[in-house]
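Enquirer: Let me see the structure of the following:
(2 chains)
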Amino acid sequence: MKKVIGMKRNDGRKPEDFRELEIEAGVLENATGSARVRMGRTIAVAGVYGPREMFPRRLQNPEKATLQLRYTMAPFSTDERVRPGLSRRGKEISMVSGKAVEAAIFLDDFPKASIDVFVDIIQADAGTRTAAINAAAVALADAGVPMRDMVSSVAVGKIDGTYVVDLAGKEEDASACDLPIAYMPNQDKITLLQMDGDISKEDLKKMLELAKDAARKIHKVQVEALKKRWLK
Amino acid sequence: MDKLLKNERDFVTPGEKLVDSMEFLPGRNCFREGNGVFAKKTGLLHVSGRVLSVIALNGIYMPQRDDMIIGEVKDVQSNGWVVEVGAPYQAYLPLSGVRGYLDSAKTDLSKVYGVGDMIYGKIKMVSSTQSVHISMFDRMCRKFSGGRIVAVNPAKVPRIIGKSGSMIDMIKRYTGCRVVVGQNGVMWLEGESPKVEDFVINVVETIQEKSHVEGLTSEIEKMLKNSGIKPAVQKSDEKHEEGDRNEKE
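Expert: A predicted model of the protein is given here:
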């Protein structure tokens, strides 16, 4: 195995670069707030509805609002057709991404209400949950939901001894581990931390720093997208 | 006094630090954490003295006492009406909120306000458990008959109305259209012809799109002048059939 420092990746990126990132806010007419995020070849569209009355009523929380995030992949999003609707994997990602953005929202401002976020993956090429979280955060800010901070998300991996940011496509299979995080840049708090594979404690620390740096850069793009949407 | 990190009318996003000082206070759409004041919503910063607030650019309507709202009657119950006002909570118009004495055992309440009717009411109470009560005890309150209902962004309503009603008065003056804007982001209008109504809707959309622009009033005035619409007779806006009828009873 060769150690490569300053190596170039399949798509010509440096190890610490994330993919080409394009964010557009306010893409859906009917939603309170919405966003489309493209990270390389992964595309996610998020729509926020509400805060609105929560149904079924028995699920209302009299103390605070409930955030319901639904993550789904379009049938045509991958090489092989994805069965539409919630899968076991979809349920898990809905839950973790929901918790990741929920941490940033002032839920106490809307007792009994529900904030519904729908994220659809239009095209998948690894890193769909990070794209989903980025899209959901911009859509929530676009909808005027009161938030503590934005949430920016990115994954870090380790290929041939090199830490690489924002794994794409085949890199994910080559990586010794996959570590997606969601991060609140102004608060300096991590709201999601998952890990596939096996790495040492030192590796984890270094990878987290890399991920945070990348997330801060993603945050800037998110802010720009909102600015563009509202100050046309 | 410590320096602000952002200037008046600057664009801010949630979580952005506005100042790192205890000398400033968090106002509307802001919060304090540690020593700093942060923005809670996407919007424009407004500084008034020591209070920092953010003028939101988008958002849903949250009911507040004394708001004038336009709501749709969703259900008629034995002692009142359920009204949808576009908030996360349903509003209730009790019989005690309507002028005159109505005996619910002898009156068909749906004859007063039926399902689907649009009413202009006032928020009388918002309890801590988020139950919202409406009353019709106001000079302006009434049931709408005819006209058109248009949804607008609740966050932009203050801009559509303008300082002490300057913007909306101007629109009325130039088009002769009768316009009522509810604080909940629902607008009612009735003009001489559908064409005039379409034009007013167009104007309001422009206001919403350019709400952050300074000197918008003069721009809108230009737009109204160039429209070529000449109001025939100035109709009074204080004409409200429902209120009059109830007073006679």
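Enquirer: what is the mean pLDDT for stretch A:187-204?
Expert: The average pLDDT within stretch A:187-204 is 94.
Enquirer: Kindly report the same for stretch A:214-222.
Expert: Stretch A:214-222 comes out at a mean pLDDT of 97.
Enquirer: got the residue ranges for the helices in chain A?
Expert: A:88-102, A:128-142, A:170-174, A:201-230 (DSSP state H).
Enquirer: Name the residues of the last one that come out as buried.
Expert: Same thing as helix A:201-230. Using 16 or more other Cβ atoms under 10 Å in any protein chain shown as the burial criterion, the residues of helix A:201-230 that qualify are A:203, A:207-208, A:210-215, A:217-219, A:221-223, A:225-226, A:229-230. (C-beta placed from N, C-alpha, C; glycine too.)
Enquirer: Equivalent analysis for the second one, please.
Expert: Of the residues in helix A:128-142, those with enough neighbours to count as buried (16+ other Cβ under 10 Å) are A:128-142.
Enquirer: tell me, what residue is most central in chain A?
Expert: A:Ile133 (2.3 Å; Cα atoms, centre = their mean).
Enquirer: what does chain B give?
Expert: Central residue of chain B (Cα atoms, centre = their mean): B:Gln183, at 1.5 Å.
Enquirer: Excluding chain neighbours, what is closest to that residue?
Expert: B:Asp67 (4.2 Å; Cβ to Cβ, 6 or more residues apart in numbering or on different chains).
Enquirer: show me the contacts for that neighbour.
Expert: B:Lys122, B:Ile123, B:Gln183, B:Asn184 (Cβ atoms under 8 Å, 6 or more residues apart in numbering or on different chains).
Enquirer: List buried residues within those residues.
Expert: Listed as buried from the contacts of B:Asp67 are B:Lys122, B:Ile123, B:Gln183, B:Asn184; burial here means 16+ other Cβ under 10 Å.
Enquirer: List just the nearest of those residues to B:Arg173.
Expert: Set against B:Arg173, the nearest of these by Cβ to Cβ is B:Gln183 (21.9 Å).
Enquirer: so is the closest one in a helix, a strand, or just coil?
Expert: Three-state assignment for B:Gln183 (DSSP: H, G, I helix; E, B strand; the rest coil): coil.
Enquirer: Got phi/psi on it?
Expert: phi -60, psi -20 (degrees, to the nearest 10).
Enquirer: Likewise for B:His133?
Expert: The phi/psi pair for B:His133 (degrees, to the nearest 10) reads phi -110, psi 140.
Enquirer: Could you verify my assumption that it touches B:Ala91?
Expert: Yes: assessed by Cβ atoms under 8 Å, B:His133 is found in contact with B:Ala91 at 7.0 Å.
Enquirer: about what we covered before: so which of the contacts of B:Asp67 is the closest to chain A?
Expert: B:Asn184 (13.3 Å; Cβ to the nearest Cβ).
Enquirer: Identify the residues contacting that closest one.
Expert: Contact analysis of B:Asn184 by Cβ under 8 Å, 6+ apart lists B:Tyr61, B:Pro63, B:Asp67, B:Ile69, B:Ile70, B:Gly71, B:Val85, B:Gly86, B:Ala87, B:Pro154.
Enquirer: one more time with 6 Å, if that's ok
Expert: B:Tyr61, B:Ile69, B:Val85, B:Gly86, B:Pro154 (Cβ atoms under 6 Å, 6 or more residues apart in numbering or on different chains).
Enquirer: and which of the residues you listed is nearest B:Met223?
Expert: Of all the contacts of B:Asn184, B:Pro154 has the smallest distance to B:Met223: 23.1 Å, by Cβ to Cβ.
Enquirer: Assign B:Ser166 to helix, strand or coil.
Expert: helix.
Enquirer: Next up, phi/psi of B:Val196, please.
Expert: phi -60, psi -40.
Enquirer: ditto for the one 5 residues further on
Expert: Backbone geometry at B:Ile201, expressed as degrees, to the nearest 10, gives phi -60, psi -40.
Enquirer: how about the lowest-mean-pLDDT helix or strand in chain A: buried residues?
Expert: Taking mean pLDDT, DSSP states H and E as the measure, chain A has helix A:170-174 as its least confident helix or strand, at a mean of 83. By neighbour count on 16+ other Cβ under 10 Å, the buried set for helix A:170-174 is A:Glu171, A:Glu172.
Enquirer: can you list contacts of it?
Expert: A:Ala126, A:Ile159.
Enquirer: now that helix, how far from the chain's geometric center?
Expert: 19 Å (Cα atoms, centre = their mean, to the nearest Å).
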